[in-house]
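*Asks:* here are the coordinates; sequence isn't available:
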């Protein structure tokens, strides 16, 4: 059974705080790691697709790093804003499908 | 351009009835995926299509679940003799191709409630 784990399960931060969360995945037979943001009442939206060990990707205030040898990825949000409130999902690519973690639910208070 | 659409957005059905959920992927996307999220659970893979073909049906929870895709476009997920444990949000996604680096574009989901 392939396990993708995310921590923490939920996070409450104040506006302006920086935050990060973790995704752990199997380190063998790695192909890709995806990050998605899922806002309430909307569809999940892709943030990053990462394929290479040491990859760092950035989109605005959000960035992600990837370590395929030890099987983890970090997602960072700098200067959190209320509109960043969402569930952040990571997904491990395995034989043509994505195995999702249960997500980290982020709430940013003004 | 138009994104992935799903219908109905909400469906309430009685236990034992059949339901059909529909997904319209982004035009030109050859890959289509079905997932579901039960209360308190993560996104669970159900099935994917490459064109009209479904190479991996291992994620379907039981033989009451089936899916098809026609014309490389619209897909329907059918649940026969629905049970209460089938209550969930069913999400459809599409991507340009089946490949590691292609992101998936999700529809808004169908919330299924079995009473």
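*Replies:* Sure, I can see it. Keep in mind the model is a prediction, meaning the values are calculated, not measured.

*Asks:* Could you use CA atoms for every contact and neighbour count after this?
*Replies:* Will do.

*Asks:* Now tell me which helix or strand of chain A has the poorest mean pLDDT.
*Replies:* Lowest by mean pLDDT, DSSP states H and E among the helices and strands of chain A is strand A:97-100, with a mean of 90.

*Asks:* Share the number of residues neighbouring residue A:69, please.
*Replies:* Residues within reach of residue A:69, counting by other CA atoms under 10 Å in any protein chain shown, total 12.

*Asks:* Nearest spatial neighbour of it, chain-adjacent residues omitted?
*Replies:* What sits nearest to residue A:69 in space, not counting adjacent residues and going by CA to CA, 6 or more residues apart in numbering or on different chains, is residue A:27, at 5.7 Å.

*Asks:* quick one: contacts for the one you found?
*Replies:* If a contact means CA atoms under 8 Å, 6 or more residues apart in numbering or on different chains, then residue A:27 has A:68, A:69, A:70, A:71 as its contacts.

*Asks:* Then residue B:36?
*Replies:* Shown in contact with residue B:36 (CA under 8 Å, 6+ apart): B:43, B:44, B:45, B:46, B:88, B:89, B:90, B:91.

*Asks:* related to what we said a few turns ago, the least confident helix or strand of chain A pairs with which strands, and in what direction?
*Replies:* strand A:86-94 (antiparallel) (DSSP bridges).

*Asks:* Show me which positions of the strand it pairs with end up buried.
*Replies:* Residues A:86, A:87, A:88, A:89, A:90, A:91, A:92, A:93 are the ones in strand A:86-94 that count as buried (16 or more other CA atoms under 10 Å in any protein chain shown).

*Asks:* Need the pLDDT of the residue nearest to residue A:69.
*Replies:* pLDDT for residue A:27: 88.

*Asks:* That one is in what secondary structure piece?
*Replies:* Per DSSP states H and E, residue A:27 falls between elements, in no helix or strand.

*Asks:* I'd like to know how far it sits from residue B:83.
*Replies:* To residue B:83, residue A:27 is 37 Å away according to CA to CA, to the nearest Å.

*Asks:* now do residue A:28
*Replies:* 37 Å.

*Asks:* Would you mind giving the contacts of residue B:36 as CSV with distance to chain A and neighbour count added?
*Replies:* Listed next are the contacts of residue B:36 as CSV, based on distance: CA to the nearest CA, whole Å; neighbours: other CA atoms under 10 Å in any protein chain shown:
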residue, distance to chain A, neighbour count
B:43, 6, 22
B:44, 7, 21
B:45, 7, 21
B:46, 10, 23
B:88, 14, 19
B:89, 11, 21
B:90, 11, 25
B:91, 9, 27
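
*Asks:* Can you list which of these are found in strands?
*Replies:* B:43, B:44, B:45, B:46, B:88, B:89, B:90, B:91 (DSSP state E).

*Asks:* hang on, isn't the first one packed against residue B:35?
*Replies:* Yes - shown here, residue B:43 and residue B:35 form a contact pair, counting by CA atoms under 8 Å, at 6.2 Å.

*Asks:* which residues does whichever residue of chain A sits closest to chain B contact?
*Replies:* At 4.1 Å from chain B, residue A:102 is the closest residue in chain A, using CA to the nearest CA. Contacts for residue A:102 (CA under 8 Å, 6+ apart) come out as A:5, A:6, A:9, A:89, B:41, B:42, B:43.

*Asks:* what's the burial count for the first one?
*Replies:* Translated: residue A:5. When neighbours are counted by other CA under 10 Å, residue A:5 registers 21.

*Asks:* tell me the contacts of it?
*Replies:* Applying CA under 8 Å, 6+ apart, the residues near residue A:5 are A:23, A:24, A:25, A:101, A:102.
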